[in-house]
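A.B. asks: Here is my input, please return the structure:
(2 chains)
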2 protein chains.
Amino acid sequence: MSNWEKNVRKVVPYVPGEQPHEADMIKLNTNENPYPPSPKAAEAIRRVAEEDTLRLYPDPTAAELVQAIADVYHVSTKQVFVGVGSDDVLAMAFMTYFNSDKPILFPDITYSFYDVWAEEFRIPYEQIPLDENFCIVPEQYFAENHPNGGIVFPNPNAPTGVELSLSAIESILQNNPDVVVIVDEAYVDFGAATAQPLLEKYENLLVVQTTSKSRSLAGMRIGYAIGNEKMISYLNDVKYSFNSYTMNQTTIAAGAAAIRDVEYFRKTVKKVIETREWSKEELKKLGFSFEDSKSNFIFATHKSVPAGKIFQALRERHIYVRYFEKPRIDNYLRITIGTREEMQTLFDFLKDYLKEG
Amino acid sequence: MSNWEKNVRKVVPYVPGEQPHEADMIKLNTNENPYPPSPKAAEAIRRVAEEDTLRLYPDPTAAELVQAIADVYHVSTKQVFVGVGSDDVLAMAFMTYFNSDKPILFPDITYSFYDVWAEEFRIPYEQIPLDENFCIVPEQYFAENHPNGGIVFPNPNAPTGVELSLSAIESILQNNPDVVVIVDEAYVDFGAATAQPLLEKYENLLVVQTTSKSRSLAGMRIGYAIGNEKMISYLNDVKYSFNSYTMNQTTIAAGAAAIRDVEYFRKTVKKVIETREWSKEELKKLGFSFEDSKSNFIFATHKSVPAGKIFQALRERHIYVRYFEKPRIDNYLRITIGTREEMQTLFDFLKDYLKEG
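C.D. replies: I've put the predicted structure just below:
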């Protein structure tokens, strides 16, 4: 190793999920929405391309996008932070709020980026086991039981899809007045309750959402956080000292258009939920079991055939689902909810495959 | 202050330059290119809007953009890193390479983000004074004279526009084998020599460029770094652990199209250089002096009228230039090179204004 390498920050590189590109594939592996975004989003992007503004810097405050979020969620623009996907928002939030010597807490089975950020920013952390039904046990997050430097969890949790009730979230907030609590609501629009109503009562709460799932805009990378003005102001200070202009012109325009098209959003979310509920019935018939998902995926295990085997068989048929070779969940598949037709193809294949097996 | 605020990272917020929006304004304050980007960039954005792919995540490796950069600069794709503007690239590079207890070194008069990143990431730093002609003195950066944890400087320097010769850069590299040296070439295409030829000889060199200036794509936020494979691999490890998908679909497509359109790039850069050389003559006639700029701006001081006063007078006429109220440079204006017509309007106004004054 050369001398210059001694002072390099060395991290175990995070490996993003595979992005296959076969023409006939059915892609149920990265929780993308099966429906396109609001036509108004594509229209907004086209408009940017046609205006003679690309040579100019974008608005550093992304005011058009921030205003759309503030309007739709009935909060002040000073309560809104935007970033390059909820990953950027969460990374900035970790860097801003988690600077204690005490460990931050998050579930043992959860979004796989939390420990990556903690390692990258050298934040001590402790993973709290979910119970045997993949539920978060609120008491284990209380400061008196687990002294901590902050808390983060997804609701619904990933990759389990299990919702934590608002009253349970409130109990965690009540018992952690001295640290920041981040609720990561990437999948909340598919049937869980948002923690936003708790913002008025708890100034240490940050609610993070994304346009990647329920607004079908994964390709544009837009995440946002809502919190009280003081919280958002700290977050913006750190962000502006990192990169003043994170949101480009097409992102600002497309995000604002998608957020404002509430009718389209409700319609497509409803279709995903309907397909999910029907898929639950079909999966049960096929011998799968799972906790009740409130997200756009189902985390399922089969009564007799190992998940890893099913995963490989599906892959060979160019049906991609997600399989995590991790403790406690290595017999589960995370299946994104596609269109009804895509799910039918999946179930038809599984019916034959499981019969043979 | 609430208890939760005690562990918040507190930074002096960076304030981005103003982005005025008067219809009649002449905007010469943020070094944007007066010409639009290659028509192929806008066309690429339109194509993304029309394809049914926005619901899907972008390619995390941004392969299409990385390949375009590798092809045009004749390097391997493993030598290329891309980010959300060169600010993102530089921030990631600071975080990756500058982890020594010794201070990093950069000029006292330079890009105003270097000390902001050092503060944000808690990197010790020392600012080395430029000489009286605003030149970097290479010997002051030699490890034997200033033990250091890394070096970063722009070439040409900002906001002075002064170029450092390749032999001077090589002497800095020769005398700093144990740390990373970053050459920030945001403005290099307007007439300075790139340090890329030194990459073969010095594995601790990182060259950072952007599409915001010479490719007229400030609105899309695309920066890149070229270095040896090992350097780039460390940088990617840190980046993937921060946010796997920083480049969205429109960014990847527009950036690749702009980078590949070498003919258009050469044509517009040539026009900016011609206008700059003519502007130098006009400014001299008006009583301004300045070092020889190799960038798309001129950093000028007037023989009798204070810069702050001229700045205000221009502002009232809706002509925006940049004025830094900082030691050593508070009698200078940084004037971006606009179109010939915009510059003529500026000079006509200054002629009248300086006569009166």
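A.B. asks: do the strand or helix carrying A:Val48 and chain B meet?
C.D. replies: Using DSSP states H and E, A:Val48 sits in helix A:39-50. Yes: Helix A:39-50 lies within reach of chain B by CB under 8 Å from any CB of the partner chain, at A:Ala41, A:Ala42, A:Glu43, A:Ile45, A:Arg46, A:Val48, A:Ala49, A:Glu50. Just so you know, the C-beta spots here come from the backbone N, C-alpha and C atoms, and that holds for glycine as well.
A.B. asks: residue contacts, the last one?
C.D. replies: Residues in contact with A:Glu50, defined by CB atoms under 8 Å, 6 or more residues apart in numbering or on different chains, are B:Ala42, B:Arg46.
A.B. asks: one step back: CA atoms of the helix holding A:Val48 as PDB?
C.D. replies: Output in PDB follows, covering the C-alpha atoms of helix A:39-50 (Å, rounded to 0.1, in the frame of the first residue of the first chain):
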ATOM      1  CA  PRO A  39     -47.900  12.300 -17.400                       C
ATOM      2  CA  LYS A  40     -47.400  15.800 -16.000                       C
ATOM      3  CA  ALA A  41     -43.900  14.800 -14.800                       C
ATOM      4  CA  ALA A  42     -42.800  13.800 -18.200                       C
ATOM      5  CA  GLU A  43     -44.300  16.900 -19.600                       C
ATOM      6  CA  ALA A  44     -42.400  19.100 -17.100                       C
ATOM      7  CA  ILE A  45     -39.100  17.400 -18.100                       C
ATOM      8  CA  ARG A  46     -39.900  18.100 -21.800                       C
ATOM      9  CA  ARG A  47     -40.600  21.700 -21.000                       C
ATOM     10  CA  VAL A  48     -37.200  22.100 -19.300                       C
ATOM     11  CA  ALA A  49     -35.500  20.600 -22.300                       C
ATOM     12  CA  GLU A  50     -37.200  23.200 -24.600                       C
END
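A.B. asks: and the angle from that helix to helix B:39-50?
C.D. replies: Helix A:39-50 and helix B:39-50 are oriented at 180 degrees to each other (axes from the mean of the first three to the mean of the last three CA atoms, to 10 degrees).
A.B. asks: Show me which residues of helix A:39-50 are buried.
C.D. replies: By neighbour count on 16 or more other CB atoms under 10 Å in any protein chain shown, the buried set for helix A:39-50 is A:Lys40, A:Ala41, A:Ala42, A:Ala44, A:Ile45, A:Arg46, A:Arg47, A:Val48, A:Ala49.
A.B. asks: In those residues, find the pair that's most separated.
C.D. replies: Spatially, the most separated pair among these is A:Lys40 and A:Ala49, at 15.2 Å (CB to CB).
A.B. asks: follow-up on the earlier one: for the next helix or strand after the helix holding A:Val48, buried residues please.
C.D. replies: Using DSSP H and E, the helix or strand that follows helix A:39-50 in sequence is helix A:63-73. Buried residues in helix A:63-73, counted by 16+ other CB under 10 Å: A:Glu64, A:Leu65, A:Val66, A:Gln67, A:Ala68, A:Ile69, A:Ala70, A:Tyr73.
A.B. asks: Closest one to chain B out of those, please.
C.D. replies: Within the buried residues of helix A:63-73, the smallest distance to chain B is 12.4 Å, found for A:Glu64 (CB to the nearest CB).
A.B. asks: For the closest one, which residues are in contact?
C.D. replies: Counting by CB under 8 Å, 6+ apart, A:Glu64 touches A:Ile252, A:Ala253, A:Ala256.
A.B. asks: Could you say which helix or strand holds A:Ala23?
C.D. replies: Using DSSP H and E, A:Ala23 falls within no helix or strand.
A.B. asks: so how far is B:Glu64 from it?
C.D. replies: Between A:Ala23 and B:Glu64 the computed distance is 18 Å (CB to CB, to the nearest Å).
A.B. asks: ok, now A:Gln209?
C.D. replies: Distance of A:Gln209 to B:Glu64, given as CB to CB: 29 Å.
A.B. asks: Near the nearest residue to A:Ser171 once chain neighbours are set aside, how many residues? Count them for me, please.
C.D. replies: Distance criterion CB to CB, 6 or more residues apart in numbering or on different chains; nearest residue to A:Ser171, sequence neighbours excluded, is A:Pro138 at 4.9 Å. By other CB atoms under 10 Å in any protein chain shown, 19 other residues sit near A:Pro138.
A.B. asks: From what I see, A:Pro138 and A:Ile172 are in contact.
C.D. replies: Yes: using CB atoms under 8 Å, A:Pro138 makes contact with A:Ile172 at a distance of 5.2 Å.
A.B. asks: Return the residues in contact with the closest residue to A:Gly191 other than its chain neighbours.
C.D. replies: Among residues not flanking A:Gly191 along the chain, A:Lys294 sits closest, at 4.1 Å (CB to CB, 6+ apart). A:Lys294 is in contact with A:Pro156, A:Gly161, A:Val162, A:Glu163, A:Tyr187, A:Phe190, A:Gly191, A:Ala192, counting by CB under 8 Å, 6+ apart.
A.B. asks: who's in contact with the nearest residue to A:Asn157 once chain neighbours are set aside?
C.D. replies: Residue nearest to A:Asn157 in three dimensions, not counting chain neighbours: A:Thr110, with 6.0 Å by CB to CB, 6+ apart. Residues in contact with A:Thr110 (CB under 8 Å, 6+ apart) are A:Gln127, A:Phe153, A:Pro154, A:Asn157, A:Ala158.
A.B. asks: Summarise which helices and strands the host helix or strand of A:Phe94 is packed against.
C.D. replies: Per DSSP H and E: A:Phe94 is located in helix A:85-97. Other helices and strands packing on helix A:85-97, by 3 or more CB pairs under 8 Å, 6 or more residues apart in numbering or on different chains; DSSP states H and E, are strand A:80-83, helix A:114-120, strand A:181-184, strand A:205-210, strand A:223-226, helix A:229-240.
A.B. asks: okay, these in TSV with mean neighbour count, distance to A:Phe288 and mean pLDDT next?
C.D. replies: Putting these into TSV (neighbours: other CB atoms under 10 Å in any protein chain shown; distance: least, CB to CB, whole Å; pLDDT from 0 to 100) gives the following:
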stretch	mean neighbour count	distance to A:Phe288	mean pLDDT
strand A:80-83	24	36	98
helix A:114-120	20	27	95
strand A:181-184	26	26	98
strand A:205-210	25	28	98
strand A:223-226	24	31	98
helix A:229-240	20	41	96
